[in-house]
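> Dropping the sequence and predicted coords here.
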Amino acid sequence: MSDKIFIFDTTLRDGEQVPGCQLNTIEKIEVARTLEALGVDVIEAGFPVSSPGDFNSVVEISKAVSNPIICALTRAVEKDIDVAAEALKFAKRGRIHTGIGTSPYHIKSKLNSNPDEILDRAVRAVKYAKRYVEDVEFYAEDAGRSDNEYLARVVEAVIKAGATVINIPDTTGYCLPGEYGAKIKYLMENVSNVHKAILSTHCHNDLGMATANSLSGVLNGARQVEVTVNGIGERAGNTALEEVVMAIKTHHGLPFHTNINSQGIFDASRLVSSLMNMPVQANKAIVGRNAFAHSSGIHQDGVLKNRENYEIIDPVDVGIKESAIVLTARSGRAALNHHLSQMGYTLTKEQLDDTYNRFLVVADQKKNLSEKDLSELMGDANDLQKSVELELLQVVSGKSTLPMAIVHLKIKGVSCAATAEGNGPIDACFNAVKKLIEQEFTLGEFLVQALTRGSNDLGKVHVQVEHKGRVHYGFGANVDIITASVEALADALSKII
Ligand SMILES: CC(=O)SCCNC(=O)CCNC(=O)[C@H](O)C(C)(C)COP(=O)(O)OP(=O)(O)OC[C@H]1O[C@@H](n2cnc3c(N)ncnc32)[C@H](O)[C@@H]1OP(=O)(O)O
Ligand SMILES: CC(C)C(=O)C(=O)O
Ligand SMILES: [Mg+2]
């Protein structure tokens, strides 16, 4: 039997402390319902004394959500506790989370006090909160930098006063995993009544170790983990819900489980990110845009052979449909062929080699290639035996210059070149082409389009050429719009010659 790890989500309290992430009550209810569907055990809904809006949010979340415990934060101050209790009055199961700083920094330079007085205030706050609710969680703020022996005395005293959960926050994200785990172990071994409460981790990410510290806490006896979606929170943030949940789920050997429906993780991440205007960094573990994206040829080939060669988590398990094989200049034939076959193309080895070489030319100029880009590439590849091919193009253009072009074509396998002027760079190119083509033709339509977005995008050119009463279409695509234009013209002329 594995032990259950309780997931305490503080996205709406610690997460919402991030500048610019404040939510209104309706938005908070939407997040709370999502957290409920995700299966979190506790939702920390706010700090009711802090503002009428936050008070109201705790009230409304208490009404809207029924499964998780609804928790409200307070200082070790009676008024805070009175207001929190009032805000929780509609909660089916309400918890008051009260506490005070226990590190030398907080005791002396924040609270201007001494250890005995702080211990006394801690006990009084817990007893006061117990008048309202059975479920009282106590936090020893800055426990990460608190002396373990003193911390153990505080924890023992607040459990005796009735605290049911004891939060050991690494408020400043200072601890190393071994150090934080040792702190939890010390409390487990030196607090005589520790079995009457659950120890909880609340780790901040100032040194990038919030998840490691939380798991170290769990390995040493903590059974509740305080987290936020996407790891948002004060400064560098809190432990990310998705990281702890998936670390426990992925390591089958760990004797722990959570109640989280992991398939809801990605949607929850996107909801929080969009409501809080807080983008998720691309390489964020589990929920970042690149968390399941493979862009280098060796990895792509490996993933296509067996996903598990390069993935420890099935993306479906976190609500992402499938991994992405992103085409870049670092991709290989396996990835290109995978995309082309998904688009319905079946290529021989020689065709794939040829397409791959042309793909690399475009890929070197673009960050990544879309399916549309591939269509354009295949449009080029449809007729590998064109009778008119562009070999070289050099153009002079700009403000206060005379547009000029040097064009080298291969016509039926024979190379030739011409230079021409024009009233623009494309006109100059087309004039040069006309000098090289014996057949009479007139340009019908000329259409230039950017395919998707961005100045690094492929330009797509369609031309219509009239010859002896017939219209011929030509098409070109290139990151250089002038090259695309001449290639389109060459494509159309191939159909005449
Ligand atoms: C680590 C954390 O994330 S803690 C939660 C942080 N979240 C917030 O602070 C958001 C909500 N806060 C607020 O709305 C306001 O700060 C309030 C309503 C709590 C207090 O506002 P004010 O009365 O104006 O006090 P102010 O914010 O300037 O200072 C905080 C006071 O609380 C005291 N205090 C801080 N933590 C605690 C605590 N846990 N228990 C008792 N007193 C505390 C400070 O010592 C300071 O008191 P002082 O003015 O006597 O020195
Ligand atoms: C209020 C407490 C739990 C906190 O957020 C912290 O110490 O980081
Ligand atoms: Mg915190």
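Right, received. Where do you want to start? Ligands and ions are numbered 1, 2, ... in the order given.
> any idea whether the spatially most central residue of the chain is helix, strand or coil?
Among the residues of the chain, the one closest to the centroid is G288, at 2.3 Å (Cα atoms, centre = their mean). The three-state label given to G288 by DSSP: H, G, I helix; E, B strand; the rest coil is coil.
> What separation do you get for it and T239?
Distance check for G288 against T239: by Cβ to Cβ, to the nearest Å, it reads 16 Å. Any C-beta I mention is one placed from the backbone N, CA and C, and that applies to glycine too.
> do the same with S331
35 Å.
> Can I get stretch 118-132 as PDB, trimmed to CA atoms?
Output of stretch 118-132 as PDB, limited to C-alpha atoms (Å, rounded to 0.1, in the frame of the first residue of the first chain):
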ATOM      1  CA  ILE A 118       7.000  34.000  19.200                       C
ATOM      2  CA  LEU A 119       6.300  30.500  20.500                       C
ATOM      3  CA  ASP A 120       3.600  31.900  22.700                       C
ATOM      4  CA  ARG A 121       2.000  33.900  19.900                       C
ATOM      5  CA  ALA A 122       2.000  30.800  17.700                       C
ATOM      6  CA  VAL A 123       0.200  28.700  20.400                       C
ATOM      7  CA  ARG A 124      -2.300  31.500  21.000                       C
ATOM      8  CA  ALA A 125      -3.100  31.900  17.300                       C
ATOM      9  CA  VAL A 126      -3.700  28.100  16.900                       C
ATOM     10  CA  LYS A 127      -6.000  28.000  20.000                       C
ATOM     11  CA  TYR A 128      -7.800  31.000  18.700                       C
ATOM     12  CA  ALA A 129      -8.400  29.500  15.300                       C
ATOM     13  CA  LYS A 130      -9.500  26.300  16.900                       C
ATOM     14  CA  ARG A 131     -12.500  28.200  18.300                       C
ATOM     15  CA  TYR A 132     -13.800  28.400  14.800                       C
END
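> residues making contact with it?
For stretch 118-132, the external contacting residues (Cβ atoms under 8 Å, 6 or more residues apart in numbering) are 74-78, 81, 84-85, 88, 96, 98-102, 107, 111, 113, 136, 138, 140, 153-154, 157-158, 160-163.
> Return only those of those residues found close to ligand 1.
Near ligand 1, taking Cβ under 6 Å from any ligand atom as the test, the members of the contacts of stretch 118-132 found are R75, A76, V77, G99, I100, L111.
> show me what contacts the residue lying closest to the fifth one once chain neighbours are set aside?
Of all residues not flanking I100 in the chain, A76 sits nearest, at 4.1 Å (Cβ to Cβ, 6 or more residues apart in numbering). Applying Cβ under 8 Å, 6+ apart to A76 gives the contacts T98, G99, I100, R121, A122, R124, A125.
> how near is A76 to T201?
Counting by Cβ to Cβ, the gap from A76 to T201 is 21 Å.
> Same question for A450.
Distance from A450 to T201, by Cβ to Cβ: 50 Å.
> who has more neighbours, the two?
Comparing A450 with T201 by other Cβ atoms under 10 Å, the one with more neighbours is T201, at 31 against 12.
> Send me the helix-or-strand element of the chain with minimal mean pLDDT as CSV with only the CA atoms.
Of all helical and strand segments in the chain, the minimum by mean pLDDT, DSSP states H and E falls on helix 371-381, at a mean of 76. Presented in CSV, the C-alpha positions along helix 371-381 are these (Å, rounded to 0.1, in the frame of the first residue of the first chain):
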residue,chain,number,x,y,z
GLU,A,371,3.3,21.7,-42.8
LYS,A,372,2.5,24.6,-45.2
ASP,A,373,6.2,25.0,-45.8
LEU,A,374,6.5,21.3,-46.6
SER,A,375,3.6,21.7,-49.1
GLU,A,376,5.5,24.4,-50.8
LEU,A,377,8.6,22.3,-50.8
MET,A,378,6.7,19.4,-52.3
GLY,A,379,5.2,21.7,-54.9
ASP,A,380,8.7,22.4,-56.0
ALA,A,381,9.5,18.7,-55.8
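> Within range of ligand 1, give me the residues from the protein.
Counting by Cβ under 6 Å from any ligand atom, the chain comes close to ligand 1 at 14, 17, 47, 49-50, 75-77, 99-100, 110-111, 141, 171, 234.
> Which single residue in the stretch 351-497 of the chain comes nearest to ligand 1?
Closest residue of the stretch 351-497 of the chain to ligand 1, Cβ to the nearest ligand atom: K367 (39.3 Å).
> Give the phi and psi angles for the residue in the stretch 201-350 of the chain positioned nearest to ligand 1, as a check.
Going by Cβ to the nearest ligand atom, ligand 1 is nearest to E234 of the stretch 201-350 of the chain, at 5.7 Å. Per-residue torsions, E234: phi -50, psi 140 (degrees, to the nearest 10).
> Let's see the pLDDT reported for it.
For E234, the model assigns a pLDDT of 96.
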